[in-house]
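Participant: build me a model from this:
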Amino acid sequence: MVFEQYWHLTRNPFDKALPARDAFSTRDFREATSRLDFLARAGGIGLVTAPPGAGKTYALRAWSSALNPNSAAHVYICLSTVSPVEFYRQLCQGLGIEPAYRKSDMFRQVQEHLRYRSVDKGLQTVVTVDEAQYLSHEILRDLKMLANFDMDSRDCLALVLAGQPVLADVLSALAQRVVVSYAFRGIQADEAAPYVEALLRGAGASPSIFDPAAVAAAHGCCNGSIRRLNKVLTGALRIGAQQRAASVDAEMVLSASQEVSLR
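Facilitator: Sure thing, here's the model as predicted:
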């Protein structure tokens, strides 16, 4: 018997494919999205940093999916270990532009496209570059120039640079152009129980599946990482189902945590 059936779940509540509409609003989620909402309206460059597994990319996905397509278009780039020419080619393709051969021509294409959408159509273009800590210094210098319109009198682009905490140190070339920034702290102890409860209810189950000690143990094992927390909770559900338990206890959580650590 699969654990979803045993616990009367409609789906795995802690799966990474959880729809953005079902996102749980942690402090990190609220703080990041409020800053990104401002950036999408005002334009400029935004910085979002987080340790691996803290929920940064999920927050970006949920936020971008909620953008009004009538007022903003979103481009997501996650391959950052590329040459400047390859980066421009990705950007052109994301914007629906047939890329030219030379970098200088692609730079012009992108700027003209962004200016036309902003000035003539009244539409904002939001570009998110994930894992941006791997961008070369040459690309970062170009991004500074790419965001400069009409002798720095307009903001025709909202650029989100997201990555691991080291990104904040890498962005020295863009520091003065960063409009908003947020550093994820990870899920906090007082958020764990509401998080588990909300996701269980979203999957059609009772929060009583996990006893309070189990939730506290799961949070203690994750060091703020939502990704690890989800893996531990999923493992604990599976172990509980195997044991045909009435609920998930802390011992099952610790067993699941050990399994996750071995992978």
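Participant: could I get the CA-only coordinates of stretch 44-55 as PDB?
Facilitator: Extracted as PDB, the C-alpha positions of stretch 44-55 are listed here (Å, rounded to 0.1, in the frame of the first residue of the first chain):
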ATOM      1  CA  GLY A  44      15.500  48.000 -11.800                       C
ATOM      2  CA  ILE A  45      17.600  45.100 -10.300                       C
ATOM      3  CA  GLY A  46      16.600  42.900  -7.400                       C
ATOM      4  CA  LEU A  47      18.700  40.500  -5.400                       C
ATOM      5  CA  VAL A  48      17.300  37.300  -3.700                       C
ATOM      6  CA  THR A  49      19.700  35.000  -1.900                       C
ATOM      7  CA  ALA A  50      19.200  31.800   0.100                       C
ATOM      8  CA  PRO A  51      21.100  28.700   1.200                       C
ATOM      9  CA  PRO A  52      20.300  25.600  -0.800                       C
ATOM     10  CA  GLY A  53      16.900  24.200   0.000                       C
ATOM     11  CA  ALA A  54      15.500  27.300   1.700                       C
ATOM     12  CA  GLY A  55      12.600  27.700  -0.800                       C
END
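Participant: now the strand or helix carrying Ser104: buried residues?
Facilitator: In the assignment (DSSP states H and E), Ser104 maps to helix 103-115. If you call a residue buried by 16 or more other Cβ atoms under 10 Å, then helix 103-115 has these buried ones: Lys103, Met106, Phe107, Gln109, Val110, Gln111, His113, Leu114, Arg115. C-beta here means a position set from N, CA and C on the backbone, and glycine is covered the same way.
Participant: so the last one sits right up against Leu146, yeah?
Facilitator: Spelled out, that is Arg115. No. Between Arg115 and Leu146 there is no contact under Cβ atoms under 8 Å: 11.4 Å.
Participant: quick one: the strands in the protein?
Facilitator: 44-49, 72-77, 124-129, 158-163, 178-183 (DSSP state E).
Participant: by how many degrees do the first one and strand 158-163 diverge?
Facilitator: Interaxial angle of strand 44-49 relative to strand 158-163 (axes from the mean of the first three to the mean of the last three Cα atoms, to 10 degrees): 20 degrees.
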